[in-house]
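Chemist: quick one, what's the 3D model for this:
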Amino acid sequence: MKNLLTPLFAALVICAFLTSCQKEKFAAANPTTEFNAAKFRQLIATSLSTGTTVARGYSIVVNQDGNWVDTFSFGWAYQNASNGSYAGMHVNQEINVASVSKTITAVGVLQLLKKNNLNIDSTIGKWLPAYWNAAPAIRNLTFSELLTHSSGISESNTGYDSLKATVARGLDNPAKPFDVYANSNFALFRAIIPYLKDRNAAIAKENSMVPGNTSGFETWMSQEYVKYMQENVFTPIGLTNVTCTPTANTAMAFNENIGGPVDVVITATNGDWLNSCGGGGYYLSVLEMARFQAYLANTDVLLDQTQRSLMRSKLLGWDNEDSPITDKGQAYGKDGALFWDLNNDQTENSPEAGLQTFIMQFPNKIELSLVVTSIPGTFRTFSSRVRNAYNSSWETK
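Modeler: Numbering: from 1, shown residues only. From the prediction side, this is the model:
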């Protein structure tokens, strides 16, 4: 067991000790259950190692009460291009966490809304670059609508050209149905956060660079977004130099040989996500994901209790389909996935590679962080399997 948090829980431990006698008397008359983290982890690992294909690599971290209490890694992380050898997966292995980045971005947004005396029902128009010429329907969108994929935007491409075109043309679906997943909702925060951080500075920078150096200004926005997140989300929890740019040792995406020989390995390399991040693209290890979860779920370092409750009740940065009801109550989850059609022809038999990521906060201060370096043709649905594993991991004392 290792503490992912600072010693701020010492007072709670003392308090628990002082009331242990009363608790022991109560427990004797009322048998209780306890969570078996090792069983939970094993059930998840087994589900990744059985079926028509086996995951080529994965890492699991289970948190309880702010500590990581169980970990497990299996298989491959990346291939060495120089000699063809493979490096094994481990909990400190960096990987593109894909759409789990959305939950991280949501934390930064909630921080800045509080700083600017705004709320989730405030509109975004004031915080968009002027040269984007946002349509009125876009300007009148609320932060809540972006954070819950309820904006009426359906665009998945997240580069600046796509974002500018999306903002200028208006809503794809004016009815604004709830939870219609679109990556652009969160990619827009790559541009919004620099304005929320310091609107006057962002306006001055825009006026000095646009239109003469528009691409330079867009890179500046990306850098300001990453800088804000580093200084206010990652550094406070002890994570340094978190970027949207891979290194030589970043975990690759693998295929799982659907219908093919088991010795055929197809991989895809990660690209630089600096100018397309926000809804994806952060490079973290599964242990760093677990650290983020521990601080978010158990402390006020990132968000206060009111903000955390709002984030959960409104599913801001969490997915509706990944937030099931367990035997112990509501869980909150977010999955991520990247997919490469290596022939770029979208045909059924085209070789494919991909990766998946997943986080979930369960009742009773249990959290799961999971990364998988391959996909079985289509993406695995983790929500139901981890819910069932959680329910099956409570045992009578």
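
Chemist: which strands and helices lie in contact with the strand or helix carrying Lys334?
Modeler: Per DSSP states H and E: Lys334 is located in strand 332-341. With contacts taken as 3 or more CB pairs under 8 Å, 6 or more residues apart in numbering; DSSP states H and E, strand 332-341 sits against helix 100-115, strand 352-362, helix 382-391. Yep, even glycine has a C-beta here, placed from its N, CA and C like the rest.

Chemist: ok, 6 Å please
Modeler: On a contact count with 3 or more CB pairs under 6 Å, 6 or more residues apart in numbering; DSSP states H and E, strand 332-341 meets helix 100-115, strand 352-362.

Chemist: so which of these is the most surrounded?
Modeler: When you average the neighbours per residue for each of the helices and strands packed on strand 332-341 (mean count of other CB atoms under 10 Å), strand 352-362 leads with a mean of 26.

Chemist: can you name every helix or strand that that strand contacts?
Modeler: So strand 352-362, by 3+ CB pairs under 6 Å, 6+ apart, packs with strand 253-255, helix 286-298, strand 332-341, strand 366-372, helix 382-391.

Chemist: of the ones you listed, which is nearest Met89?
Modeler: When these are compared by CB to CB, strand 366-372 sits nearest Met89, at 8.2 Å.

Chemist: okay, stretch 389-397 in CSV with CA atoms only?
Modeler: Output of stretch 389-397 as CSV, limited to C-alpha atoms (Å, rounded to 0.1, in the frame of the first residue of the first chain):
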residue,chain,number,x,y,z
ALA,A,389,-16.1,-6.9,-10.5
TYR,A,390,-16.6,-4.2,-7.8
ASN,A,391,-19.9,-5.7,-6.6
SER,A,392,-18.2,-9.2,-6.4
SER,A,393,-15.2,-7.9,-4.4
TRP,A,394,-17.1,-7.2,-1.1
GLU,A,395,-16.7,-10.0,1.4
THR,A,396,-18.1,-10.5,4.9
LYS,A,397,-15.6,-10.0,7.6
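
Chemist: I'd like the numbering to begin with 28 instead of 1 from here.
Modeler: Happy to do that; since the first residue is 28 now, the last one works out to stretch 416-424.

Chemist: what residues of it count as buried?
Modeler: 416-417, 420-421 (16 or more other CB atoms under 10 Å).

Chemist: for the strand holding Lys361, which outside residues touch it?
Modeler: Residues from elsewhere that reach strand 359-368, judged by CB atoms under 6 Å, 6 or more residues apart in numbering: 124-127, 130, 295, 339, 345-346, 349-350, 377, 379-388, 406, 409-410.

Chemist: pull out the buried residues from it.
Modeler: Quick answer for strand 359-368 (16+ other CB under 10 Å): 359-365, 367.

Chemist: export those to JSON lines and tack on pLDDT and distance to Lys224?
Modeler: Formatted as JSON lines, the buried residues of strand 359-368 follow (pLDDT from 0 to 100; distance: CB to CB, whole Å):
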{"residue": "Tyr359", "pLDDT": "98", "distance to Lys224": "27"}
{"residue": "Gly360", "pLDDT": "98", "distance to Lys224": "29"}
{"residue": "Lys361", "pLDDT": "98", "distance to Lys224": "24"}
{"residue": "Asp362", "pLDDT": "97", "distance to Lys224": "28"}
{"residue": "Gly363", "pLDDT": "97", "distance to Lys224": "25"}
{"residue": "Ala364", "pLDDT": "95", "distance to Lys224": "30"}
{"residue": "Leu365", "pLDDT": "94", "distance to Lys224": "28"}
{"residue": "Trp367", "pLDDT": "86", "distance to Lys224": "33"}
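
Chemist: the helices in the stretch 178-327 of the chain, which residues?
Modeler: Under the criterion DSSP state H, counting those that start in this stretch, the stretch 178-327 of the chain carries helices at the ranges 187-196, 211-214, 216-224, 226-236, 241-256, 313-325.

Chemist: hey, which of the ones you listed is tucked in deepest?
Modeler: Mean neighbour counts were compared across the helices of the stretch 178-327 of the chain using mean count of other CB under 10 Å; the top stretch is helix 211-214, at a mean of 26.

Chemist: which helices and strands does that one pack with?
Modeler: Other helices and strands packing on helix 211-214, by 3+ CB pairs under 6 Å, 6+ apart, are absent; none qualifies.

Chemist: now it: average pLDDT?
Modeler: Across helix 211-214, pLDDT averages out at 98.

Chemist: how about stretch 187-194?
Modeler: 97.

Chemist: next one: stretch 395-414
Modeler: 92.

Chemist: would you indicate which residues of it are buried?
Modeler: Neighbour-count burial for stretch 395-414 [16+ other CB under 10 Å]: 395-403, 406-407, 409-410, 412-414.

Chemist: still on that earlier bit, the helices of the stretch 178-327 of the chain: which one's closest to Trp159?
Modeler: With CB to CB as the yardstick, what comes closest out of those is helix 187-196 (4.9 Å).

Chemist: so where's the stretch 178-327 of the chain shaky on pLDDT?
Modeler: For the stretch 178-327 of the chain, applying pLDDT under 70 flags the ranges 285-290.
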